[in-house]
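In: Pasting a predicted model and its sequence here:
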Amino acid sequence: MKFAVSYLVLALSAASSYGFSTSPAFSGAAPNAIRSSLQMSTVADETTSTETSAARSTNPGDRDILVRAARGEEVERTPVWLMRQAGRYMAAFREYSNKYPFRQRSETPDFAVELSLQCHRAYGMDGIIMFSDILTPLPTLGIDFDVVKGTGPVISTEVLTEADVANLGSAESVDFDDKLPFIREILGRLSKEAEEANTSLIGFVGAPFTLAAYTIEGKSSKACLTTKKMMMADEAGDSKAMSQFLDKLATMIGEYGVHQIECGAQVIQVFESWAHQLGPSGFEKFAKPAAKKAIQIMKEAHPDVPVIYFANGGSSYLELQKDMGADMIAVDWSVDMATARKTLGEDIPISGNIDPTVLFGSKEQIEQAVRDCIDKAGGPGKHLLNLGHGVMQGTPEEAVGWLVDECKRYKGKEV
């Protein structure tokens, strides 16, 4: 019941502490605090005292094996974590997602910490990643968003012109502790959990182009047409709104990554989730310079903290990602790992890239996919295993365990 009591305190002070009342996601949050806390107590009662922390590894090297691999060091075995490892494929996660809006879950420390830890308790990945969203820092610039169940992110702030960009908040002077006070508490608590569990803590940010496109389109988009019109207007010199917006986002995102590191994150992954909307030219002219600027801000502030760059759908221009300034490049599932390894070269650390649908296969198929990916990346200890996209909803929970276990077990091809 300790969890439920702490949530009650948070809920009662939500409007003043975290500003929930300013977002559509939290309209009526304070009046419903007691009812929510009672609902929360049901979940808490089902959580035994042994389930309140992450799974502990007893191997001393496991504490930073993921960090060392992300820096490009050859490690004793291939480490593993999964994008969307904290997700709706888990019944325990759905106990929350079916009851509480996304932003309430991601911006309430008790919720976010618990949801971050569930998968690690169950499967023992080599890293705990903060449960959050790439859109979380947008309100620091005055861009409001909600995440609607069944629809996804919806952004109400219009950014289409140079004047719109100028009217946004300053990216250089964001006080993240003031604007996003929950981040420090979430990462601080997860940092302690990671240390006790002998594992690493992963933070993440969205890349500037992806956040710009989400904002401009207002929601998910198949063609990204408004964004591409702005890109063409920028190239023609008719409006510099796109490049100005990207530059502002790059500064904010870079500083947000620095903030996460200073709150306890040991690795940062940069998600270019809408890279599939770009061809090589668009990526090189718009997305790449902005992402490089964000990464540079993080690396200048904390050169020893590895940064991973992941362009989902960007495998067709993988060669353009060699000089992103990131410590490691993550690749999606649409490229063969051996091809990706050859394209990037041996000196660029790589992460990826099992097709997420493989997790719907048999135990033998999953284990073979793990071995194939590790072998194609150069053998055990030569890369960071992940999926080539996030764990899909509906994935059998046991399948995730099979993947993680095989990755940790595999010692390489028998000679």
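Out: Yep, that arrived. In this text the structure is predicted, and so the values were computed from the model without any measurement.

In: number of nearby residues for residue 104?
Out: 21 (other C-beta atoms under 10 Å). C-beta: built from backbone N, CA, C; applies to glycine.

In: can I assume it is in contact with residue 111?
Out: Yes: between residue 104 and residue 111 there is a contact at 6.9 Å, judged by C-beta atoms under 8 Å.

In: Chain neighbours aside, what residue packs nearest to residue 134?
Out: residue 206 (2.9 Å; C-beta to C-beta, 6 or more residues apart in numbering).

In: If you could redo that for residue 278, that was the one I meant.
Out: residue 287 (5.9 Å).

In: Surely the one you found is in contact with residue 276, unless I've mixed up the numbering?
Out: No: if you go by C-beta under 8 Å, residue 287 and residue 276 don't touch, sitting 11.3 Å apart.

In: So between the two, which is more surrounded?
Out: Neighbour count, other C-beta under 10 Å: between residue 287 and residue 276, residue 287 has more, with 27 against 15.

In: so is the more buried one in a helix, a strand, or just coil?
Out: helix (DSSP: H, G, I helix; E, B strand; the rest coil).

In: Residue 268 too?
Out: Applying three-state DSSP: residue 268 is strand.

In: What count of nearby residues applies to it?
Out: 27.

In: What separation do you get for residue 118 and residue 110?
Out: Note on residue 118: its distance to residue 110, by C-beta to C-beta, to the nearest Å, is 13 Å.

In: can you check residue 122 too?
Out: In terms of C-beta to C-beta, residue 122 sits 19 Å off from residue 110.

In: what about the helices in the stretch 301-415 of the chain?
Out: 337-344, 363-376, 397-409 (DSSP state H, counting those that start in this stretch).

In: List just the one of those that sits closest to residue 168.
Out: helix 337-344 (35.3 Å; C-beta to C-beta).

In: Any buried residues in the closest one, and which?
Out: 337, 340, 341, 343, 344 (16 or more other C-beta atoms under 10 Å).

In: Tell me the one among these nearest to residue 385.
Out: Nearest member of these to residue 385, counting by C-beta to C-beta, is residue 337, at 9.8 Å.

In: Give me the pLDDT for the closest one.
Out: At residue 337, the pLDDT value in this model is 98.

In: Could you do residue 150 as well?
Out: pLDDT, residue 150: 81.

In: That one sits in which helix or strand?
Out: Assigned by DSSP states H and E, residue 150 falls within no helix or strand.

In: residues near it, how many?
Out: 4.

In: same question, residue 289
Out: Neighbours of residue 289 (other C-beta under 10 Å): 16.

In: Same question for residue 222.
Out: So residue 222, with other C-beta under 10 Å, has 7 neighbours.

In: what about it, which helix or strand?
Out: Per DSSP H and E, there is no helix or strand for residue 222.

In: Distance check, it against residue 339.
Out: For residue 222 relative to residue 339 (C-beta to C-beta), the value is 27 Å.

In: now residue 292
Out: 24 Å.

In: same thing with residue 69?
Out: Counting by C-beta to C-beta, the gap from residue 69 to residue 339 is 21 Å.

In: I'd say residue 204 and residue 136 touch.
Out: No: using C-beta under 8 Å, residue 204 is not in contact with residue 136; the gap is 9.8 Å.

In: in this protein, which residue is closest to the centre?
Out: residue 204 (4.4 Å; C-alpha atoms, centre = their mean).

In: Is it correct that it falls within a strand?
Out: Yes: assigned with three-state DSSP, residue 204 falls within a strand.

In: What residues are bridge-paired with it?
Out: With DSSP bridges applied, residue 204 shows beta-bridge pairing to residue 269.

In: List the residues that contact it.
Out: 129, 130, 132, 134, 260, 268, 269, 270, 271 (C-beta atoms under 8 Å, 6 or more residues apart in numbering).

In: and if you look at residue 229?
Out: Residue 229 neighbours (C-beta under 8 Å, 6+ apart): none.

In: Please identify the helix or strand for it.
Out: helix 225-236.

In: which of the residues in that helix are buried?
Out: Buried residues in helix 225-236 (16+ other C-beta under 10 Å): 227, 228, 230, 231, 234.

In: Please compute how far whatever helix or strand comes next after it lies from its chain's middle.
Out: The helix or strand immediately downstream of helix 225-236 is helix 241-262, counting by DSSP H and E. Average the C-alpha atoms of helix 241-262, do the same for its chain, and the two points are 15 Å apart (C-alpha atoms, centre = their mean, to the nearest Å).

In: likewise stretch 215-232?
Out: 22 Å.

In: pull the CA atoms of that stretch into PDB?
Out: The C-alpha coordinates for stretch 215-232 follow below in PDB (Å, rounded to 0.1, in the frame of the first residue of the first chain):
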ATOM      1  CA  THR A 215       4.300  19.400 -34.600                       C
ATOM      2  CA  ILE A 216       3.700  20.600 -38.100                       C
ATOM      3  CA  GLU A 217       1.400  17.800 -39.100                       C
ATOM      4  CA  GLY A 218      -0.400  17.900 -35.700                       C
ATOM      5  CA  LYS A 219      -0.500  14.100 -35.600                       C
ATOM      6  CA  SER A 220       0.800  11.000 -37.400                       C
ATOM      7  CA  SER A 221       0.900  11.500 -41.100                       C
ATOM      8  CA  LYS A 222       1.300   9.100 -44.000                       C
ATOM      9  CA  ALA A 223       2.700  11.600 -46.500                       C
ATOM     10  CA  CYS A 224       4.100  14.300 -44.200                       C
ATOM     11  CA  LEU A 225       3.000  16.700 -46.900                       C
ATOM     12  CA  THR A 226       2.800  20.000 -44.900                       C
ATOM     13  CA  THR A 227       6.300  19.400 -43.600                       C
ATOM     14  CA  LYS A 228       7.700  18.600 -47.000                       C
ATOM     15  CA  LYS A 229       6.000  21.800 -48.400                       C
ATOM     16  CA  MET A 230       7.800  23.700 -45.700                       C
ATOM     17  CA  MET A 231      11.100  22.000 -46.600                       C
ATOM     18  CA  MET A 232      10.700  23.000 -50.300                       C
END
